[in-house]
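Chemist: Generate coordinates for the sequence data below:
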Amino acid sequence: MQEVQLYIDNQRIDLFKDETVSLTQSLQNVKEPAKIFTEFTKSFSVPANSKNNKIFKHYYNYDILQSFDARLKVAGEIKLNYVTYKLGYIKLEGVDLKDNKPSSYRITFFGETVSLKDLLGEDKLSALTWLDNFVIDYSSANVKSYLQDGYDKTVDSVAYTDAIIVPLISHTPRWFYDSTFGHQNNPDDENNLFYDFLYDNGALWSDMKYSIRLHLIIKAIEKEYPEIEFTTDFFNTTNSVYHNLYMWMHRKKGDVQGTATGTTLYSKLVDSWSTINVGSGVVVGDGSSFVISGVFPQVRVDTTLTVDPANDATVYNLKIYKNGNIFQQYNNINGNKTYNFNTLNDGTYTVYVESEVAITFTGLSWEFDYDEYDSELGWVEVDSATSNANGFSISPVFSFYPTQQLPEISIIDFLTGVFKMFNLTAYVDGDKIKVDTLDNFYATYNEYDITKYVDVTSSKSNVALPYKQINFEYEDYKTYLASIFNQLNNAQFGELKYRGEEGLNWEGGIYKVKLPFQKMLYERLNNINGNTQTAIQWGWMTDDNQSSYIGKPLIHYSTKQIAGTQLSFRDSDTVKTPLTSYYIPLNTNGTSGTQQSLNFNAEYDEYALITNTSTLFENYYKNYIQDVFNEKRRMIKLKAFLPLKIILKFNLSDRFIVSNKSYKINSINTNLQTGESQIELLNEV
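Modeler: This next block holds a predicted model:
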């Protein structure tokens, strides 16, 4: 019989003597193969005695200021016989009262990995302000430069090569290649990529957008949320399958910088604030943002933002962001303005100014007042400081801020999508979140013979297959060429409907592994004159009506064609340049048609024109899913009384040996006091 000790914020909680504490553990469950699980307990009760009342700050009394905040999970620890067993988080679910007096507190323990979602909440990629270290001007010169060779940048003493590139993806016009003499008679001639010095045709610079290396988004998550640090098992720069991925920065359909009136709107982050520290770190301004932390019922932050342009007639927009999302915006304003914001909550605040013309501000200031509540005096100002950015100006150059151009998707959905793409598993390992492929997770293990601990009076051997079919798919297939593919083939490009190697019609439902991304079908251009292949491959972000399309976030591979087919790049409507070096977008990590593809199904590679069998399913899902569909696979359910020496040591990647047979752990629920465990095992096939 083990004794359980439970701690919250390093304070030990008293437990009922007869209260059962059980822990369920499952990292990758065959019943839901696309989900990553973590340890959790069922809710259990602890007494509302004087000690626990102090820890939970008499939560039942809602008149108490600065009470325990049950909206948040708090650091917790479970010990068995005073030996650390699990670190994680505790959530207060509520209080049970008898005769209007507190009787017990209901709490739940969660494993550490669950904190990922708690930390990120609903924050979007736009909250990753570290990415704005890679801000660059959006101009014909830069688009041409980064179409030929990527943008390199050193940040925090780390060099990032080809951090941003321009792939041949058009947001609106349809490109083609025709070297026929007299091709100028084609009404769409301006979109002909063949370079002819006699005519003004080619890919116009403003029809393209930047792509950012996916690795930078992962790094930005770690920078924005210091509690998160991923291991480099999969997320590393030598893993080309991961490191060569890019995300197209496509926030709005069509042109990057156009307004409703067709004019250009110039946007700039106010990044010249004077640094401040208010309330011993409650408000910290680092020059480009203001971080507020530590606001609770007895602390508040009030602010006053003053904006004073040099020319009172100039019209501008003012946008204030909180965690990358619009907090307040004021459009079409002019002259001196003052805005008061009361009781700002925790978050990172940034300010952007937009204008159609150059503008300078003689006065730009943000005052922060830090107040504390006194039971007798009420709110009392304890500290105050003003940050200034006087002289801030916008020139008529469009600054391309990644946070303002990345697609609208939450960080947690982005991470979940990447995890699903490569069947990654994640769990806390020391002070880092270990991220690796499921195959690698299961490759390293220890074995524990639990035969003598098994209750042989009852066990079950069930069919392991819970589904008749698993669909692997993307969320959006609506771009033009992908839509045409579907119409011709009655199937989506790259999707896979897996029903086992035999392809039989099994019993059960359909499970979907769906990535929250865009699936684009690219086109390798042929020269219309003679129907010969070129080295040019391109993407077209339009719908099946050939209208500009927003779609879902587009993740792609890319390769730089060197000494490729000459194409025409239009610097303007009347100036063009011949290019033989340029980035082409790909669904495959290279042009041979044999490298890792972003398709689940084996598809005809758009560039190599051969069937690529190096699919996401083949390389990252097959071993696990194929075993699930194997006729020899069984789900063994049994009860065992595990000793402390096993409970404290085993990992979910380990194998349990029962009667000389090896099993993977699908899930395990353990009574921490008695060691009684309800175990689901998968036999090795």
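
Chemist: So Thr674 sits against Met1, correct?
Modeler: Yes. Assessed by Cβ atoms under 8 Å, Thr674 is found in contact with Met1 at 6.4 Å. The C-beta positions use only the backbone N, C-alpha and C, and glycine is treated the same way.

Chemist: Same drill for those two, tell me which one is more crowded.
Modeler: Neighbours were counted for Thr674 and for Met1 using other Cβ atoms under 10 Å; Thr674 has more, 13 against 6.

Chemist: Which element, helix or strand, includes the more buried one?
Modeler: Counting by DSSP states H and E, no helix or strand carries Thr674.

Chemist: hmm, which helix or strand of the protein has the shakiest average pLDDT?
Modeler: Ranking every helix and strand in the chain by mean pLDDT, DSSP states H and E puts strand 40-41 at the bottom, with a mean of 68.

Chemist: Low-confidence stretches in the stretch 1-150 of the chain?
Modeler: 28-41, 63-66, 113-115 (pLDDT under 70).

Chemist: which SSE is Asn623 in?
Modeler: Applying DSSP H and E, one finds Asn623 within helix 622-629.

Chemist: elements contacting that helix?
Modeler: Here helix 622-629 touches helix 438-443, going by 3 or more Cβ pairs under 8 Å, 6 or more residues apart in numbering; DSSP states H and E.

Chemist: contact partners of the helix it packs on?
Modeler: Residues outside helix 438-443 that contact it (Cβ atoms under 8 Å, 6 or more residues apart in numbering): Leu27, Gln28, Asp233, Asn423, Leu424, Thr425, Tyr620, Asn623, Tyr624, Ser653, Lys664.

Chemist: and the last one, what are its phi and psi?
Modeler: Think Lys664. Dihedral pair for Lys664: phi -90, psi 150, per degrees, to the nearest 10.

Chemist: wait, it sits on Val685?
Modeler: No. When contacts are counted by Cβ under 8 Å, Lys664 is not listed as touching Val685 (10.2 Å).

Chemist: Between the two, which has more neighbouring residues?
Modeler: Neighbour count, other Cβ under 10 Å: between Lys664 and Val685, Lys664 has more, with 20 against 12.

Chemist: All the helices of the stretch 401-550 of the chain, residue numbers only.
Modeler: Using DSSP state H, counting those that start in this stretch, the helices of the stretch 401-550 of the chain run over 402-405, 411-421, 438-443, 480-489.

Chemist: Could I get those in CSV, plus columns for distance to Ile555, mean pLDDT and mean neighbour count?
Modeler: Shown next, in CSV, are the helices of the stretch 401-550 of the chain (distance: least, Cβ to Cβ, whole Å; pLDDT from 0 to 100; neighbours: other Cβ atoms under 10 Å):
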stretch, distance to Ile555, mean pLDDT, mean neighbour count
helix 402-405, 15, 93, 24
helix 411-421, 8, 93, 21
helix 438-443, 20, 90, 17
helix 480-489, 14, 96, 16
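
Chemist: State the mean pLDDT of the helix holding Asn623.
Modeler: Averaged over helix 622-629, pLDDT sits at 80.

Chemist: Following the chain onward from that helix, which element is next?
Modeler: Once helix 622-629 ends, the next helix or strand along the chain (criterion: DSSP H and E) is strand 634-641.

Chemist: now for whatever helix or strand comes next after that next one, which elements pack on it?
Modeler: Moving toward the C-terminus from strand 634-641, the next helix or strand (DSSP H and E) is helix 644-647. Using 3+ Cβ pairs under 8 Å, 6+ apart, no helix or strand is in contact with helix 644-647.

Chemist: which residues touch the closest residue to Tyr59 other than its chain neighbours?
Modeler: Distances taken as Cβ to Cβ, 6 or more residues apart in numbering put Phe68 closest to Tyr59, at 4.7 Å, once the chain neighbours are dropped. For Phe68, the contact set (Cβ under 8 Å, 6+ apart) comprises Ile55, Phe56, Lys57, Tyr59, Leu92.

Chemist: Inside helices: which ones of those residues?
Modeler: Taking DSSP state H, the ones among these that sit in helices are Ile55.

Chemist: List buried residues within the contacts of Phe68.
Modeler: Among the contacts of Phe68, those classed as buried by 16 or more other Cβ atoms under 10 Å are Ile55, Phe56, Tyr59, Leu92.

Chemist: my guess is the last one contacts Gly76, does it?
Modeler: No. Assessed by Cβ under 8 Å, Leu92 is found out of contact with Gly76, at 10.7 Å.

Chemist: Check whether Asn311 really touches Phe361, as I assumed.
Modeler: No. Counting by Cβ under 8 Å, Asn311 stays clear of Phe361, with 9.9 Å between them.

Chemist: Roughly how far does Thr534 sit from Leu525?
Modeler: In this view, Thr534 and Leu525 are 5 Å apart by Cβ to Cβ, to the nearest Å.

Chemist: More neighbours: the two, which one.
Modeler: Just comparing Thr534 and Leu525: by other Cβ under 10 Å the higher neighbour count belongs to Leu525, 21 against 18.

Chemist: quick one, what contacts that one?
Modeler: Trp175, Phe176, Tyr177, Leu193, Thr534, Ile536, Gln537, Trp538.

Chemist: And the contacts of helix 438-443, which two are furthest apart?
Modeler: Using Cβ to Cβ, these span at most 19.7 Å, a distance reached by Asp233 and Lys664.

Chemist: For the stretch 151-300 of the chain, give me the ranges with low pLDDT.
Modeler: Using pLDDT under 70, the stretch 151-300 of the chain drops low at 181-188, 258-263.

Chemist: for it, what spans make up the strands?
Modeler: 151-155, 158-165, 169-170, 203-204, 211-213, 246-248, 266-269, 276-278, 283-285, 290-292, 299-309 (DSSP state E, counting those that start in this stretch).

Chemist: cool, the stretch 451-600 of the chain as well?
Modeler: Counting by DSSP E, counting those that start in this stretch, residue ranges of the strands within the stretch 451-600 of the chain are 454-463, 467-476, 496-498, 509-518, 523-527, 532-540, 555-561, 567-570, 576-579, 582-586.

Chemist: Dump those into CSV; add distance to Tyr105 and mean pLDDT as well.
Modeler: Compiled in CSV, the strands of the stretch 451-600 of the chain are given as follows (distance: least, Cβ to Cβ, whole Å; pLDDT from 0 to 100):
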stretch, distance to Tyr105, mean pLDDT
strand 454-463, 33, 73
strand 467-476, 40, 90
strand 496-498, 46, 92
strand 509-518, 38, 91
strand 523-527, 62, 97
strand 532-540, 56, 97
strand 555-561, 45, 98
strand 567-570, 67, 96
strand 576-579, 68, 95
strand 582-586, 55, 98
